[in-house]
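**Student:** sequence and computational prediction follow.
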Amino acid sequence: MNETALLINTALASGTTLALAALGLLINERAGVLNLGAEGMMLVAAVAGFAAALLTGSDTLGFLAAAAAGAALAAVFGVLVIFLNTNQYATGLALSLFGYGFSAFVGVAMVGKSLSPREQVAIPVLSDLPFVGPALFSHHPMVYVAMALTAAIAWFFYRTRSGLLLRAIGENPEPAHALGYPVRAIRMAAVCAGGALCGLAGAYISLVTAPLWVEGLTAGRGWIALALTVFATWRPARALLGAYLFGGVTVLQLNLQAQGVQISSHLLTMLPYVATIVVLALISRNTAFIRLNMPASLGKPFRPGS
Amino acid sequence: MLKLEARAAPSQWMTVASPLLALLLTALVAALILAGIGQDPLAGLRVLFIEPLTGRRQISEVLLKATPLIVIALGLAVCYRANVWNIGAEGQFLLGCVGAGGMAIWLTTQGIVLPKIVGIPLVLLAGMLGGLLWAALVALLRDRFNANEILVSLMLVYVAQQVVNALVFGPWKDPQGFNMPQSVGFHASLHLPPLLERTRLHIGFVIAIVLALVVTLFLFRSFRGFQLQVGGLAPAAARYAGFSARSALWTALLLSGALAGLAGAMEVAGPTKQVTPYLSTGLGFTAIIVCFVGRLNPLGIVAAGVLLSLMLIGGELAQSRLGLPNAMASVLQGLLLLILLACDTFIHQRLRWMPSRKSSNKAVA
Amino acid sequence: MSTALRLELTGISKQYPAVKANDRVSLRVKPGEIHAVLGENGAGKSTLMKVIYGAVQPDEGAIHFDGRPVRVASPAMARALGISMVYQHFSLFDTLTVAQNVWLGLDKSLALPEVTARIREVATGYGLDVEPERPVHTLSVGERQRVEIVRALLTKPKLLILDEPTSVLTPQAVDKLFVVLRRLADEGTSILYISHKLDEIRALCHHCTVLRGGKVTGEVDPTQESNASLSRLMIGAEPPALKHDTQHTAGPVAMAVQRLSLPTADPFGVALDGIALELRSGEILGIAGVSGNGQQELMAALSGEDVRAPAGSITLFGQDIARLPPQRRRALGLHFVPEERLGRGAVPTLSLAENTLLTRSAGIGRGGWLAPGEVAALARKLIDRFQVKAGGPGAAARSLSGGNLQKFLVGREIDAAPKVLIVAQPTWGVDVGAAALIRGELLALRDAGCAVLVVSEELDELFEISDRLVVIARGRLSPALPAAEATVEQIGTWMSGLWDAATVTASEGRHAEA
């Protein structure tokens, strides 16, 4: 494979986790709910998916188990934040901290175990195209799922009435409530859907990228995904692109380390996190732009009948 | 059908009962988990919650671990009350270790021996400076670029971990250390004086208590503290009053950074007495839980710090005595916070049973 | 069944934690009747409407619609019955277009292009000027109300509820609205018209139910009643008359604004364009205007919450304060009472004592240490002097009623003996007694030599207390008029920005008309 094509291939593969998580968080945030528990959900889902795949030998069941785990945790978060009106920041943090401990606890039995490396699936004909073929069309199925989901979510947001309603609720839930829509139920659905996607993201690491389980496997990807939603100004296509860019940065620093480049490996490991900070700073600088694009009710509690 | 409705005034009873209720429920879940994995629930609970309080040495360990938790959480309380969401205390703690460690290593390798009354404050101040500067980065990015402080401070945690690694595997590696990644041991003049003989408890604990009083005064008796809290409670009111949001941001972050740094300094000058790659144990994150369980109140934080330290020690005991995974304590802490957040909502709300209304069929006059 | 009542409520009651909002209320509305629900703020009108519209369930009582007993369990059910509501606030999504908003407000699954076409149809049919493609945040408040009405009309309602519809309209726009409403009534639609404006009710409505303290105090034909008799039913007494000191002349200029132009910081805000005014000691200058024409932005520039004003554009006794923060302006004698009480004028969860620290310095010692005793003493003084009904200085700000909190906040600034006092919406959402007290205090302040600037959407109030009037429209300020010479019609025209016809193009004028 051509060098650059290989780079793109691995960037896409590496960025898929971020893409899935960012898409999930996007759905959450478009509905007005900020879920800081992404990291926790991804970890629990990663261990759940790994355990399921280990036990049954089926990746599909692994991913399904992960999605269910993610959605379940998200549901707990949703009940607290949407129905009991707890502080969204604190509850999300609590969820992440809990998820970290819980995944470590449950995963103790599986530390050190690993699955056989997953194969890429080459799409017939398209994968034979020069350069583009190996770059874009020879991937693990989940990579294609992420792309398909991006398109589906974009279509949902911008072409359907339910998507319009969701975005409207994210702007301001009061009018929606006045019109009689079940705002809280809709937000709950968004939160659970987001949780399921974060679950898939977590499982992708433990089943495909690694594939093994250790404590803290996700290494901050959940937080980076949160930054990505800002970077993408809450648009699905941009989230996908941003995820791949970050995937590229991660892959780049791994390659550089492997090639024994004369930069301290520690500095290289820092790279994705520093990049996140830089990107956040650049994109947030234009406050008017952010305010125009950010769902206005993000993070604010909603109390019907007040 | 059950409905949630607002109370006319916050419930006094619930304000006190909520943390106790949360603790009880957490213990209940712990018992269930223990039963679930085949352990005797009561024995397990005893080891987790009671054992660490038996005996002088155990208690000293609890107070020892509580010290950095309290110090960090005090700074976080100021931040959260000002609505500045500093999540990166772990990173500021590490940079405190680096700052203090750097000073101590330099003094030790240069052969400079200072009287304890000079050397130790110097090391502690260096640590505070390290933490403060790390938090200043967060403040700068939020002030100049409007970058979300939650994400920036968190990313800086991962960066801080690599900074420690780079130093300890590189320039700070002890040449006489058999190539192990660790720094030279600090000179004895730079070790924190012990508080209790034959234990590891040092004066840091006293410093923590004093700081709790200082922060109490700051928050509730100073105009500055009042301004910070108004900024957190009602930003529009703060703007109306003319309280500077920028000044509140910097004050909160620099203060919490300095306190987290101090905790880091106390950790390396206290129990560890050197810089190693194993300093990052999640204290900065546990401190967040301490802060909330303590209701963002300094006195509550002292109690919560002891409680969570108790659970951490209990977790270690459970690992060595019962073979339970160490992460058990972590799970319970996260659970405690979640349950507490849920219980706390009933201070301002309550559940009511609303029977479905039957429409009356009165005849129209 | 032409004699069946369109809507009948019998014995409706609703209890909230702190107050009984509705107490065995009965209401009878005939088909094609315009029925007013009259009551002052806090009388229970909103709650009653929420019950009819299904947003709230009553604790007891019965509802009959077209003769049949019904239970309105949700707004969707209300819409299915043919009940439609035009809200005072909170019913449109700013970032979406008119068509998208209407689309979301309809139950059936029509496609967006179809909805757009129907909007144009209905709008032209009733003479309501509405453009479906425009984003709602670009619309004036009056235009938004038209969108709400069109949305309601698209559901072909049998009962249309309008909640305080004219508080956001110029007098001319009010007349146009009445034309539409009368036509609807002639076509058989019943209309429930909620208001506290006696003149309008007497001009428009066939029948009127009066609420006071949650109970019905009368069911009358408003055309047979006088303002005095309606007022007696509404508040139990005649409207309080204000003492006017008509013998005074204004003193020297206290605050001067010139060439104040300010771009908007908020993408949805209004830019200020060349604002100029002079405020003299010993006078009350009233700024009239429909909400959304720059009042917020002007207030922020004057109070110091926005310090971007061009240097020299705002002077206080000759001193340039355009770039000074609020504390410095207060030190020079300029105090401000904002229109939002909870969240801006006061912190809801803090006590009244603590809230004094927002703008006063009683109890702040050297080094910034607080003396709680002194702080509480000031609060107690304010509570006594301004007759604030509260649980003491330690009561949380949000535990007070709107009127009492407003008395406290206005009192807090008056007690500081300001040289210039700016007040925004002094009696919005305030009961009649408190409103009278506040207006009285403002007049007394004026008589004592203070310069007072009042921004209000209530024209009656401005006419009552102002010495001079100006109008703000689209970020620009009209010339000033002595109140004695101004007429409602003229002010109404000026509210559309048409005080200087030569500088306003025809199309701008059409859009500016609220």
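**Tutor:** All right, it came through fine.

**Student:** so is the residue lying closest to residue C:187 once chain neighbours are set aside in a helix, a strand, or just coil?
**Tutor:** Distances taken as Cβ to Cβ, 6 or more residues apart in numbering or on different chains place residue C:32 nearest to residue C:187, at 7.6 Å, with adjacent residues excluded. Just so you know, the C-beta spots here come from the backbone N, C-alpha and C atoms, and that holds for glycine as well. Assigned with DSSP: H, G, I helix; E, B strand; the rest coil, residue C:32 falls in the coil class.

**Student:** next one: residue A:124
**Tutor:** Residue A:124 is classified as coil under three-state DSSP.

**Student:** how many other residues sit next to residue 221?
**Tutor:** Just going to use chain A. Using other Cβ atoms under 10 Å in any protein chain shown, residue A:221 is surrounded by 30 other residues.

**Student:** look at chain C instead
**Tutor:** Neighbours around residue C:221, by other Cβ under 10 Å: 11.

**Student:** repeat that for residue B:241.
**Tutor:** Counted with other Cβ under 10 Å, residue B:241 comes out at 26.

**Student:** got it, and the one 5 residues further on?
**Tutor:** The number of residues packed around residue B:246, counting by other Cβ under 10 Å, is 10.

**Student:** check it and give its pLDDT.
**Tutor:** Per-residue pLDDT puts residue B:246 at 94.

**Student:** separation between it and chain A?
**Tutor:** Between residue B:246 and chain A the computed distance is 14 Å (Cβ to the nearest Cβ, to the nearest Å).

**Student:** quick one on the thing from earlier: residue contacts, the residue nearest to residue C:187?
**Tutor:** C:185-190 (Cβ atoms under 8 Å, 6 or more residues apart in numbering or on different chains).

**Student:** what does the stretch 201-350 of chain B have sitting close to chain A?
**Tutor:** B:285, B:288-289, B:292, B:325-335, B:337-338, B:341-342, B:344-345, B:349 (Cβ under 8 Å from any Cβ of the partner chain).

**Student:** list the residues that contact residue A:59.
**Tutor:** By Cβ under 8 Å, 6+ apart, the contact set of residue A:59 is A:53, A:118, A:207.

**Student:** hmm, 6 Å instead?
**Tutor:** With contact set as Cβ atoms under 6 Å, 6 or more residues apart in numbering or on different chains, residue A:59 has these partners: A:53, A:207.

**Student:** one more: residue A:299?
**Tutor:** Counting by Cβ under 6 Å, 6+ apart, residue A:299 makes contact with A:34, A:88.

**Student:** helices of chain B, residue ranges please.
**Tutor:** B:12-36, B:41-45, B:56-81, B:89-110, B:116-145, B:149-169, B:204-221, B:223-233, B:235-241, B:245-267, B:283-293, B:298-322, B:327-348 (DSSP state H).

**Student:** what's in contact with the shortest one?
**Tutor:** Just to be clear, that refers to helix B:41-45. B:31, B:34-35.

**Student:** any idea which helix is longest in chain A?
**Tutor:** Max-length helix for chain A by DSSP H is helix A:3-30.

**Student:** surely residue C:151 and residue C:103 touch.
**Tutor:** No. Proximity of residue C:151 to residue C:103 does not meet the contact threshold set by Cβ atoms under 6 Å, at 9.3 Å.

**Student:** up against chain B, what does chain C have?
**Tutor:** Residues of chain C found near chain B (Cβ under 6 Å from any Cβ of the partner chain) are C:17-18, C:62, C:69, C:71, C:305, C:325-327, C:338, C:343-344, C:347, C:357-358, C:364, C:368-370.

**Student:** can you tell me the element residue A:261 falls in?
**Tutor:** Assigned by DSSP states H and E, residue A:261 belongs to no helix or strand.

**Student:** and for the residue lying closest to it once chain neighbours are set aside, the neighbour number?
**Tutor:** Ranked by Cβ to Cβ, 6+ apart and with sequence neighbours excluded, the top spatial neighbour of residue A:261 is residue A:268, at 7.8 Å. By the measure other Cβ under 10 Å, the count of residues near residue A:268 is 17.

**Student:** is it fair to say residue A:268 lies in a helix?
**Tutor:** Yes. Assessed with three-state DSSP, residue A:268 lies in a helix.

**Student:** how close does it get to residue A:252?
**Tutor:** 9 Å (Cβ to Cβ, to the nearest Å).

**Student:** cheers, nothing more for now.
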